[in-house]
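Peer 1: what would the 3D arrangement of this be:
(2 chains)
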Amino acid sequence: MNKVYKSKGKYCLEPDPYQAARSVKDADVEKLKGNLSLEELRGMITRILIRLERLER
Amino acid sequence: MLTILRDSNGNIKSYAQSPLDDSNLVLGEWTETIQTTMEDYADRFRLSVVGVAGQYFSCKATGVEVIVSVQTSLSIPSVELDINGLIETIDLTNGQAYLRLSTETPGLFILQPADRQLFCAAGVGLLTVEVTPNE
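Peer 2: Numbers count the residues shown, from 1 in each chain, chains lettered A, B, ... in the order given. From the prediction side, this is the model:
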């Protein structure tokens, strides 16, 4: 469950790492068509692991 | 007549218009009966969005805020509200208040009364607002 905080009178959700990873899944697939830097590769593997962890629950 | 089902800590688990005679009470659960109607009891704590009370509301992560109405029929100046574990004191005007939920980030808001001995977190007393990715 997302954590909630209050900002400017509104209740806001803290981003869920899983949702954040999932939201760029199409962009990640596109990236695979070109060359990846080590940093990009690290980010992509991190997102895959986050999504995998959720699947295993 | 209404039957209130409470757990061993006195928290309201549910309520029904039947005597709940056939209910298997476990782990210190107990019941009490009061003379009121389902509708009047539900009005003790009501959460709604665009006039629809309870359970589930879904919207896209467009940034347009969701307005939640908090109402109680009890003569109290404020209620304690649990929003995803964040406990907030909501000041009431004539038994009503409004909350603003941001839809910037996808995820779930789960709103329910924090004082479970006073209010039931079921039916119109429980509201889930899902903000879905704007895909």
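
Peer 1: so B:S8 touches B:Q117, yeah?
Peer 2: No. Between B:S8 and B:Q117 there is no contact under CB atoms under 8 Å: 11.8 Å. Glycine gets a C-beta too; all of them are placed from N, C-alpha and C.

Peer 1: now do the longest helix along chain A: everything it contacts.
Peer 2: In chain A, with assignment by DSSP state H, the single longest helix is helix A:38-56. Helix A:38-56 is contacted from outside by A:17-18, A:21-22, A:24-25, A:28, A:31, A:36, using CB atoms under 8 Å, 6 or more residues apart in numbering or on different chains.

Peer 1: cool, and stretch B:59-67?
Peer 2: Stretch B:59-67 has contacts (CB under 8 Å, 6+ apart) with A:10, B:49-50, B:57, B:98-106, B:129-134.

Peer 1: sec struct for whichever residue of chain A sits closest to chain B, please.
Peer 2: In chain A, the residue that lies nearest chain B is A:N2 (3.7 Å; CB to the nearest CB). When classified by DSSP: H, G, I helix; E, B strand; the rest coil, A:N2 comes out as coil.

Peer 1: re earlier: I'd like the mean pLDDT over the longest helix of chain A, please.
Peer 2: Average pLDDT, helix A:38-56: 95.

Peer 1: how about that helix: buried residues?
Peer 2: A:43-44, A:47, A:50-51 (16 or more other CB atoms under 10 Å in any protein chain shown).

Peer 1: any idea how far that helix is from the chain center?
Peer 2: 8 Å (CA atoms, centre = their mean, to the nearest Å).

Peer 1: please name the residues that touch the closest residue to A:Q19 other than its chain neighbours.
Peer 2: Using CB to CB, 6 or more residues apart in numbering or on different chains and skipping the chain neighbours, the partner closest in space to A:Q19 is B:P106 (4.8 Å). By CB under 8 Å, 6+ apart, B:P106 lies in contact with A:13, A:16, A:19, A:23, B:61, B:131-134.
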